[in-house]
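Student: Based on what follows, work out the 3D shape:
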Amino acid sequence: MFKNGFSEEQLKAINNLSLDEIMDISNSVVSFAKVEINHETFWKLLAIAQANTQQRQIIDRALLLGASIEMLHQYFGLSTSEVSARRQLLGIEEKMGRKAAASDEESTHIWEIWQKYKQKMESLDSQEGLELLCLIAEEGNMNLTVVWKLVPSGNQNISKK
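Tutor: Next up is the predicted model:
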């Protein structure tokens, strides 16, 4: 017996079936296979799927706000090709080169927004930290990568400030 439940003889027979024979077997009302549900594994897989969905939503939000490859690599370990594929899927056209730096006025505005939220965050090096940076970028109407470079500069542990 193999892992899938078929013997070697059965696998050989399946391999030699004609298209008509495959159709006859697949349309049969007689059951020859038994499916069992492992409930514990189901709930674990469901939790993983939900966590992955939440992570993809955060990645998509970050990309739509202008997250860089470097930023998504730091937060999620994504490669250049993974980020490019996700951008393409979302219809985001990324311009080559560096992002424009924030003006003094924009820097001040972002810093003021940061002051409202900084007590709520221990570290920006977390998924929650990225979500806070997204919120700041949205409120400040600025590119997320620019915000990321402005806010955490010199602040490894934000709560100390």
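
Student: Poorly predicted segments of the chain, please.
Tutor: 1-4, 152-161 (pLDDT under 70).

Student: tell me, what residue is most central in it?
Tutor: residue 56 (2.8 Å; C-alpha atoms, centre = their mean).

Student: Could I get the full set of helices for the protein?
Tutor: 8-15, 19-26, 39-64, 69-76, 80-90, 104-117, 127-140, 144-150 (DSSP state H).

Student: okay, these in a markdown table with distance to residue 32 next?
Tutor: C-beta: built from backbone N, CA, C; applies to glycine. Formatted as a markdown table, the helices of the chain follow (distance: least, C-beta to C-beta, whole Å):
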| stretch | distance to residue 32 |
| --- | --- |
| helix 8-15 | 10 |
| helix 19-26 | 8 |
| helix 39-64 | 24 |
| helix 69-76 | 44 |
| helix 80-90 | 40 |
| helix 104-117 | 60 |
| helix 127-140 | 46 |
| helix 144-150 | 55 |
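
Student: most packed of the ones you listed?
Tutor: helix 144-150 (a mean of 22; mean count of other C-beta atoms under 10 Å).

Student: what does that one rub up against?
Tutor: 62, 65-68, 70-71, 99-102, 106-107, 110-111, 133-134, 136-137, 140 (C-beta atoms under 8 Å, 6 or more residues apart in numbering).

Student: run the last query once more with 6 Å
Tutor: Helix 144-150 is contacted by residues 62, 65-68, 71, 99, 102, 107, 110, 133, 136-137 when judged by C-beta atoms under 6 Å, 6 or more residues apart in numbering.

Student: Just give me the closest of those to residue 92.
Tutor: Closest to residue 92 out of the contacts of helix 144-150 is residue 66 (8.9 Å), distances taken as C-beta to C-beta.

Student: so which of the contacts of helix 144-150 comes closest to residue 124?
Tutor: Using C-beta to C-beta, the contacts of helix 144-150 come closest to residue 124 at residue 133, 6.5 Å.

Student: so what's the closest one up against?
Tutor: 147, 148.

Student: mind checking how far it is from residue 84?
Tutor: Distance, residue 133 to residue 84, using C-beta to C-beta, to the nearest Å: 21 Å.

Student: Tell me the buried residues in stretch 119-128?
Tutor: Going by neighbour count (16 or more other C-beta atoms under 10 Å), the buried part of stretch 119-128 is 121, 124.

Student: mind starting the numbering at 33 from now?
Tutor: With 33 as the first residue, the last one maps to stretch 151-160.
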